[in-house]
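Participant: Just need the structure, nothing else, for what follows:
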Amino acid sequence: MVTIYTDGAARGNPGPGGWAGIIASEERVMEIGGDEVHTTNNRMELTAVIRSLEFAINNFQFSEIQVNTDSEYVMKGITLWVKNWQKKGWKTAGKKQVLNKDLWQMLLLVTEGQQIEWKYVAGHNGDKANERSDEIATSFADGLTIDLYNGPRNSYRYL
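Facilitator: A predicted model of the protein is given here:
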């Protein structure tokens, strides 16, 4: 099993943004992240999940993935809304174009054929890995340098 924690942040919404992922196997943990000059919080939340899943698929051996997100938008979108959006030609229940369609389509591609458990984690509620992913994402959004962990799980202090 690979466990992933993700977060996204934007300053100004839209404005400078950052995303983060913590990818953990039983033996190893890697933190990843990045930024965009002009984006929204929801785009960064989706980017965090997509990039983290891509990284896990390409760098870890696993049979199942658990994705932990504090974004209700991502959680509801992938577990409740996306299939209906597809059926309705990427329109919402209110017949408007789905926002961030490009990222939803990328997320569908990266999750295809994967066994994924989606878990909602309340933000800023004491979950150490969620707090760390927030720290990484906001650091990238703020243009700050942050050291990202890459090493053994038993030395990682946030899980």
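Participant: Find the nearest non-adjacent residue to the residue nearest the centre of the chain, please.
Facilitator: Centroid-nearest residue in the chain: Val49, 2.6 Å away (criterion: CA atoms, centre = their mean). Spatial nearest neighbour of Val49, excluding adjacent residues (CB to CB, 6 or more residues apart in numbering): Thr6 at 5.0 Å. (Each C-beta comes from the backbone N, C-alpha and C, glycine too.)
Participant: returning to what we had before: can you list the buried residues in the helix or strand harbouring the residue nearest to the centre of the chain?
Facilitator: Element membership for Val49, per DSSP states H and E: helix 41-59. By neighbour count on 16 or more other CB atoms under 10 Å, the buried set for helix 41-59 is 41-53, 55-56.
Participant: Also stretch 122-135?
Facilitator: 127, 129-135.
Participant: Rebuild the residues you listed as a markdown table, extending it with secondary structure and distance to Leu103.
Facilitator: Formatted as a markdown table, these follow (DSSP: H, G, I helix; E, B strand; the rest coil; distance: CB to CB, whole Å):
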| residue | secondary structure | distance to Leu103 |
| --- | --- | --- |
| Asp127 | coil | 24 |
| Ala129 | helix | 23 |
| Asn130 | helix | 21 |
| Glu131 | helix | 24 |
| Arg132 | helix | 23 |
| Ser133 | helix | 18 |
| Asp134 | helix | 20 |
| Glu135 | helix | 23 |
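Participant: got a list of contacts for the helix or strand bottoming out on mean pLDDT in the chain?
Facilitator: The least trusted helix or strand in the chain, going by mean pLDDT, DSSP states H and E, turns out to be helix 82-87, with a mean of 95. By CB atoms under 8 Å, 6 or more residues apart in numbering, the residues outside helix 82-87 that reach it are 91-93, 98, 101, 104, 107-108.
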